[in-house]
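*Asks:* Here is a sequence with its predicted model. Questions after.
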Amino acid sequence: SLETADIFVHGLRVNTKSKDASARISDAFKKLIEAQYSKLNDMKTEPSSSDIMELLEKSKTQMKLDIKEGNPNQYALSELIDKIRYASGHGAKFSVKQAFDAFMAAPYGYTEEDIEYLIADLYKDGQISLKMNSVVYSPASTPADDVFKFITKKEYREKVLLDIKAVPNTRWVKSVKDITRDFFGKTVISDDTDALMRDFRTNGSQKKQELLGIIATDYGVGSELPGKSVIDKAVRLIDDTCDINDPMTFYKRADEFYYDFDETAINLGDLMSFLNGSQKKIYERACKIYGVFDKSRNFIADQRIIGYAEDIRKIKKIEKPYKQIPKMDESARNLQQAMLSLIEQAAEEVKPSVYDDFKIAKETVTADRPYAERMLKEIDSKFRALLDKVDSSNNIAALKGIPSESTAMLDILLGKINTEEEFYQQSLEPVKPDEPEKPIKVALKPPKTVAVPVRSLTNNKTFTIRSEADIDAFVEEMRQELKKKLGDNVIIKLS
């Protein structure tokens, strides 16, 4: 009977203390399973999908605490990493699917969740990396959600490869630490290469936003401040390193750029001192004064003034002009004083023309006309505004154009006065024949006033006078032009 029969597993008789047939068969099956899946007990835990996600979201500090307490699955992890290492050592690929094929079969017999958990554990511990389409994924560069998807989703099992994580050499790691300290101004608090890379990328993102903010604030349209090329280079260095996901490539690139980062850190320090100090205002003021000179340079012959401006121009061309700011300030002050004198002189030269036109316009208005007060107010307003423009202008070129502007305005105003007079004349009605006793309204029609710029009489031609005959020819041409413009009841006012 089954209670007394011998039971054999793989040809060996199973000794059992129980006399119950059902218990003896259960013991036999247990020993059969233990013989077939001899390493099943290496997997001590029974993880679920939520356990895998929780593991991937753990920080390095939490991982270290877990290691101190001991990993119950250490033998299963050793088996998995040995297979990955063996494949890597022989130049073979080892995918997530191959891990499933190997560890779901005898002598392991692990579940899918078991294998996914072991892969996640090795990955999070920094012993292996995931690779897909030649892109290496590490904890420093890959969100936990993406890693969970790569490990657990069936569509990725053949695509995602498991590989022993490469360790950057000591010099590369030192370069990253030095850049973090000197360029980003941050304290290095970990020797873990994943944490170093993650912190570097975080610091890089923050630094880039800070630099872009400086560009927006200090280097907008029309800015002449020095140093933008330094900021552009800093942003480019950050992008060229932080955009790399593969840890080994990242560390190698950071080491290659070490001296660029070091030089840029020094240049940024000098630039920040300039932008945040008094030198920035001095520089901007000097550029503004130089701009005033530049607009009027074709009207300036004084070599002393040109020399002041040239000093400023040369300093503006220097990439790092910080040591030259005191000299720039002195030249700007001298240039400003000299330009003020020239501008005041130019203003005094043009004012008589404006006042003459102002007088002509006012005298053209007949005092007893109904439109007189209105026109006189308009004339006064326009010429006062033009005189204010003369007083406030800091541009010699613009001042030189004021007489032409005044003449044009006078011409427009005289046209308005003539139009108003015509309307007034039309409003006067003649006396009707059947009312002879009423007096006839009589209004003397004033002559039409025409403003004629002297330059227009020569059609803007330039005359060269060498003899009295040339004078006679010039005067004759002027006379003929004046005769053309002179008509009945017309007064010509030269300006």
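*Replies:* Nice, thanks for sending it over.
*Asks:* All the helices of the stretch 151-300 of the chain, in order from the start?
*Replies:* Listed in chain order, the helices of the stretch 151-300 of the chain (DSSP state H, counting those that start in this stretch) span residues 170-182, 193-218, 228-242, 247-256, 258-275, 279-296.
*Asks:* would you turn those helices into a markdown table with distance to Asp391 and mean pLDDT?
*Replies:* From N, CA and C alone the C-beta is placed, and that goes for glycine too. Below are the helices of the stretch 151-300 of the chain laid out as a markdown table (distance: least, CB to CB, whole Å; pLDDT from 0 to 100):
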| stretch | distance to Asp391 | mean pLDDT |
| --- | --- | --- |
| helix 170-182 | 55 | 95 |
| helix 193-218 | 33 | 94 |
| helix 228-242 | 37 | 96 |
| helix 247-256 | 61 | 94 |
| helix 258-275 | 35 | 96 |
| helix 279-296 | 16 | 95 |
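*Asks:* Which residue comes closest to the residue nearest the centre of the chain once chain neighbours are left out?
*Replies:* The chain has Leu212 as the residue nearest its centroid, 4.8 Å off, counting by CA atoms, centre = their mean. The spatial neighbour of Leu212 that comes closest, neighbours along the chain excluded (CB to CB, 6 or more residues apart in numbering), is Val235 at 7.0 Å.
*Asks:* What of Phe383?
*Replies:* For Phe383, ignoring the flanking residues on the chain, the nearest one in space by CB to CB, 6+ apart is Phe358 at 4.2 Å.
*Asks:* right, and that neighbour touches Ile379 too?
*Replies:* Yes - if you go by CB atoms under 8 Å, Phe358 and Ile379 touch, sitting 7.3 Å apart.
*Asks:* so who does Ser49 touch?
*Replies:* Glu113, Glu116, Thr152 (CB atoms under 8 Å, 6 or more residues apart in numbering).
*Asks:* Let's see that with 7 Å instead.
*Replies:* By CB atoms under 7 Å, 6 or more residues apart in numbering, the contact set of Ser49 is Glu113, Thr152.
*Asks:* For the longest helix seen in the chain, the averaged confidence score.
*Replies:* Secondary structure of the chain per DSSP state H: the longest helix is helix 325-364. Across helix 325-364, pLDDT averages out at 93.
*Asks:* any idea how far Lys153 is from the residue nearest to Leu275 when sequence neighbours are not counted?
*Replies:* Spatial nearest neighbour of Leu275, chain neighbours left out: Asp218 (6.0 Å); criterion: CB to CB, 6+ apart. According to CB to CB, to the nearest Å, Asp218 and Lys153 sit 48 Å apart.
*Asks:* Same check on Gly415?
*Replies:* Between Gly415 and Lys153 the computed distance is 84 Å (CB to CB).
*Asks:* Can you verify my assumption that the residue nearest to Phe383 contacts Arg384?
*Replies:* No - if you go by CB atoms under 7 Å, Phe358 and Arg384 don't touch, sitting 8.7 Å apart.
*Asks:* And those two? Which one has more around it.
*Replies:* Per other CB atoms under 10 Å, whichever of Phe358 and Arg384 has more neighbours is Phe358, with 21 against 11.
*Asks:* what about that one, distance to Asp388?
*Replies:* For Phe358, the distance to Asp388 (CB to CB) stands at 13 Å.
*Asks:* who are the neighbours in contact with Ser48?
*Replies:* With contact taken as CB under 7 Å, 6+ apart, Ser48 is in contact with Glu113.
*Asks:* Look at it and report its pLDDT.
*Replies:* Note on Ser48: pLDDT of 94.
*Asks:* Which helix or which strand is home to the closest residue to Leu486 other than its chain neighbours?
*Replies:* Setting aside the residues directly before and after it, Leu486 is nearest to Ile492 in space (CB to CB, 6+ apart), at 6.0 Å. Using DSSP states H and E, Ile492 sits within strand 490-494.
*Asks:* I'd like the average pLDDT over that strand.
*Replies:* When pLDDT is averaged over strand 490-494, the result is 71.
*Asks:* what do you get for stretch 303-321?
*Replies:* Averaging pLDDT along stretch 303-321 yields 95.
*Asks:* which residues touch that stretch?
*Replies:* Counting by CB under 7 Å, 6+ apart, 224, 226, 270, 286-287, 290, 293, 300, 324, 327-328, 331-332, 334-335, 338 sit against stretch 303-321.
*Asks:* ditto for stretch 118-134
*Replies:* Outside stretch 118-134, the residues within contact range by CB under 7 Å, 6+ apart are 52, 55-56, 58, 63, 73, 76-77, 80-81, 84, 96, 99, 136-139, 147, 150-151, 159-165, 194.
*Asks:* can you do 6 Å?
*Replies:* Stretch 118-134 is contacted from outside by 52, 55-56, 76-77, 80-81, 84, 136-138, 150-151, 159-163, 165, 194, using CB atoms under 6 Å, 6 or more residues apart in numbering.
*Asks:* Go through the helices of the stretch 151-300 of the chain and pick out the most buried.
*Replies:* Mean neighbours per residue, mean count of other CB atoms under 10 Å, is largest over the helices of the stretch 151-300 of the chain for helix 247-256, with a mean of 20.
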